[in-house]
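A.B. asks: based on what follows, work out the 3D shape:
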Amino acid sequence: MNLTAQDLGLLNTGIKHISLPIGVVAILGFNQPFPNGWERLSYEEAQPYMQYLKQMLGQWSIVAFQNGKLDGEGYGYKYSPTYGQECGEGFILKRVLH
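C.D. replies: Numbering: from 1, shown residues only. Next comes the predicted model:
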């Protein structure tokens, strides 16, 4: 995996993250700047990994994708194709180099 010292520093802060075949996915505060080389995860790209992403959510989380949001267990793990100010966090992705 192509993780830099900055990436490892971010992941060691205790943020929720998981390694998937597409790269490392983390949950970052919605208004926090993305670290270099990271991008907002798209809903379409997340589809095969939803079971893992759901495990990262808090009960009342509302986490944004590039296009849409995923609600935590307390909201029934509902996906919506848009999001607004209700999102306190967002999924970010550091891609694996192939």
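
A.B. asks: spit out the contact partners of residue 15.
C.D. replies: Taking CB atoms under 8 Å, 6 or more residues apart in numbering, we find residue 15 in contact with 26, 27, 28. Yep, even glycine has a C-beta here, placed from its N, CA and C like the rest.

A.B. asks: neighbours around the first one, how many?
C.D. replies: Put plainly, it is residue 26. Applying other CB atoms under 10 Å, we find 24 residues neighbouring residue 26.

A.B. asks: output the below-cut-off pLDDT ranges for this protein.
C.D. replies: Scanning the chain for pLDDT under 70 picks out 1, 98.

A.B. asks: all helices of it, in order?
C.D. replies: 5-11, 43-46, 50-56 (DSSP state H).

A.B. asks: ok, of the contacts of residue 15, which one's closest to residue 71?
C.D. replies: residue 27 (13.3 Å; CB to CB).

A.B. asks: who's the closest one bridged to?
C.D. replies: residue 91 (DSSP bridges).

A.B. asks: that one reaches residue 87, doesn't it?
C.D. replies: No. Under the criterion of CB atoms under 8 Å, residue 27 makes no contact with residue 87, lying 10.8 Å away.

A.B. asks: who's more crowded, those two?
C.D. replies: residue 27 (22 against 19).

A.B. asks: residues touching that one, list them.
C.D. replies: Counted by CB under 8 Å, 6+ apart, residue 27 has contacts 15, 16, 17, 56, 57, 61, 63, 89, 90, 91, 92.

A.B. asks: again, 6 Å this time
C.D. replies: Shown in contact with residue 27 (CB atoms under 6 Å, 6 or more residues apart in numbering): 16, 56, 63, 89.

A.B. asks: cool, and residue 39?
C.D. replies: Here residue 39 is in contact with residue 93 (CB under 6 Å, 6+ apart).
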